[in-house]
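*Asks:* kindly return the folded structure for what I paste below:
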Amino acid sequence: MAQSIYCIRVPGKLMIAGEYAVLDPNYKCMVVAVDRYITAQINFNKENRLFLPQLGLENILWQIKDGQVEFSVSDPQLNFIENSISVVSQYLKEKYIELRPFHLKIESQLSNNESGKKYGLGSSAAIVVAVISAILSLHSNKRYDLDEIFKLSVIAHLKAQGSGSGADIAAAVYGGWLQYSTFNAGWILEQLEQGAKISDLTNKPWPSLIIEKLTPPRGLRLVVGWTKEEASTKIMIEKIFNFRKRDPHSYNEFLRNSLFSVEALIESFKRDKLEEAMNSLALNRKALLKLGESAGVQIETEKLKKLCSIADAFGSGKPSGAGGGDCGIAFIKNEMQIENLYRAWMANDIIPLKLKVSKQGVTIEEICED
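*Replies:* Predicted coordinates:
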């Protein structure tokens with residue numbers, strides 16, 4: 001009898017503009033999916049086993065006991081996978097679908113092969129989307145709605161981390177360039193605490209959530225450089241939120257500046273205005289720089305500063321994400337200049353990541369084996 005193996009591919013992401021502000025409902029960001037992927041393979045088997053070769057975690061047994069996912073090893077790197085399995089198993093149970101044993105293998109292109117350092121391309125979000133899509137596909141003949149995968153992934157991510165905008169999950173699920181405004185996380189967590197069914201929660205409209213596809217201006221080239229410095233988004237957000245408590249007036253000024261620049265950027269995409277897009281990106285960088293200075297937090301490390309100043313000679317540069325390391329981006333209008341920019345970055349120990357936009361989000365392929 002033929003056995004189905006499902007192959008899942010989930011893109012990474014780059015934040016383009018609107019960092020920090022997007023953690024508040026009704027404030028916008030722009031995010032894009034990129035062609036570095038988390039891949040997962042899943043098939044039914046006699047027992048539950050998990051394979052994560054790049055993390056040195058192979059052949060891990062697991063079970064669900066009294067509603068809790070238990071692994072045969074204890075490792076904090078399994079936190080997001082644990083919550084993903086927990087959420088999707090509860091969801092299937094509510095749909096009267098029995099969770100059957102399976103083997104799941106997960107591999108990543110979202111970190112550097114030599115050092116193992118992450119690039120900051122949203123690996124935890126992509127892993128959650130991969131695990132949830134894999135288990136859903138294996139247990140059902142129907143194609144799951146992308147909105148369903150997005151909402152289940154957000155719930156799992158919230159359970160694992162307690163916070164997050166979901167912009168990285170949106171890029172992983174839907175692909176391409178996106179305008180994004182976050183949901184009310186407090187409302188979701190409150191619903192879950194009150195015993196709401198996960199299946200009911202995924203069917204409801206979520207307050208404040210906006211996800212809209214965008215088309216970039218003609219001629220725009222997105223270029224990415226990696227500083228080789230790893231950043232902790234969680235720690236950076238904690239520092240900025242401590243500042244917010246100390247000085248809400250300054251933080252609200254940042255929110256206004258961020259919203260103005262991101263709305264201008266979105267409008268430049270809608271109106272096919274390349275110069276305006278480059279100017280708006282620079283404005284958003286300025287808002288983030290001022291936030292960092294006011295908060296006493298180094299959003300732009302020396303290397304990110306260098307990356308951006310070099311990029312500004314060719315177009316418009318900016319850190320991507322929470323800062324403190326990872327990647328920076330540039331909008332360039334002349335493709336002939338890209339190699340010159342790469343050379344200038346490399347002369348300053350900044351590694352060009354030759355990424356392209358992934359127009360597709362999560363993809364699911366079924367392979368039948370005899």
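*Asks:* how about residues contacting stretch 244-253?
*Replies:* If you take Cβ atoms under 8 Å, 6 or more residues apart in numbering as the criterion, stretch 244-253 is touched by F243, L291, S294. (C-beta placed from N, C-alpha, C; glycine too.)
*Asks:* tell me, how many residues neighbour Q63?
*Replies:* Each residue near Q63 was counted by other Cβ atoms under 10 Å, and the total is 12.
*Asks:* so where does the residue lying closest to it once chain neighbours are set aside fall, helix or strand?
*Replies:* Excluding the flanking residues, the one nearest Q63 by Cβ to Cβ, 6 or more residues apart in numbering is E70, at 5.6 Å. In this structure, E70 sits in strand 68-71 according to DSSP states H and E.
*Asks:* mind listing what A167 touches?
*Replies:* Per Cβ under 8 Å, 6+ apart, neighbours of A167: K13, M15, V22, C29, V31, L178, Y180, T182.
*Asks:* break the chain into its domains for me.
*Replies:* What automatic domain parsing lists as the domains of the chain is 3-214+358-369, 221-353.
*Asks:* okay if I get these as a markdown table plus mean pLDDT?
*Replies:* Formatted as a markdown table, those follow (pLDDT from 0 to 100):
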| stretch | mean pLDDT |
| --- | --- |
| domain 3-214+358-369 | 92 |
| domain 221-353 | 96 |
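*Asks:* still on that earlier bit, now the helix or strand following the strand holding E70: buried residues?
*Replies:* Later in the chain than strand 68-71, the nearest helix or strand by DSSP H and E is helix 79-94. Residues of helix 79-94 classed as buried: 80-93 (neighbour count, 16 or more other Cβ atoms under 10 Å).
*Asks:* which one of these sits closest to T227?
*Replies:* Using Cβ to Cβ, F80 is the member of the buried residues of helix 79-94 that sits closest to T227, with 24.4 Å.
*Asks:* would you map the helices across this protein?
*Replies:* Applying DSSP state H to the chain gives helices spanning 79-94, 123-138, 146-161, 167-174, 185-193, 198-203, 233-246, 248-270, 274-295, 302-312, 338-346.
*Asks:* just to revisit the earlier point, which other residues reach the strand holding E70?
*Replies:* Contacts for strand 68-71 (Cβ under 8 Å, 6+ apart): L50, I60, L61, W62, Q63, I64, L78, E82, N83, I85, S86, S89.
*Asks:* and which of these is nearest to G162?
*Replies:* N83 (10.8 Å).
*Asks:* pretty sure the closest one contacts L152?
*Replies:* No: N83 is beyond contact range of L152, at 10.7 Å (criterion: Cβ atoms under 8 Å).
*Asks:* a markdown table for the buried residues of helix 79-94, including distance to T233?
*Replies:* Shown next, in a markdown table, are these (distance: Cβ to Cβ, whole Å):
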| residue | distance to T233 |
| --- | --- |
| F80 | 13 |
| I81 | 19 |
| E82 | 20 |
| N83 | 17 |
| S84 | 19 |
| I85 | 23 |
| S86 | 23 |
| V87 | 21 |
| V88 | 24 |
| S89 | 27 |
| Q90 | 27 |
| Y91 | 27 |
| L92 | 30 |
| K93 | 32 |
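*Asks:* coming back round to it: so which of the helices of the chain gets nearest Q360?
*Replies:* Here helix 167-174 is closest among the helices of the chain (Cβ to Cβ), at 8.8 Å.
*Asks:* list the buried residues in that closest one.
*Replies:* A167, D168, I169, A170, A171, A172, V173, Y174.
*Asks:* ditto for stretch 137-145
*Replies:* S137, L138, H139.
*Asks:* can I get the residues you listed in JSON lines including distance to I329?
*Replies:* Below are the buried residues of stretch 137-145 laid out as JSON lines (distance: Cβ to Cβ, whole Å):
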{"residue": "S137", "distance to I329": "33"}
{"residue": "L138", "distance to I329": "36"}
{"residue": "H139", "distance to I329": "38"}
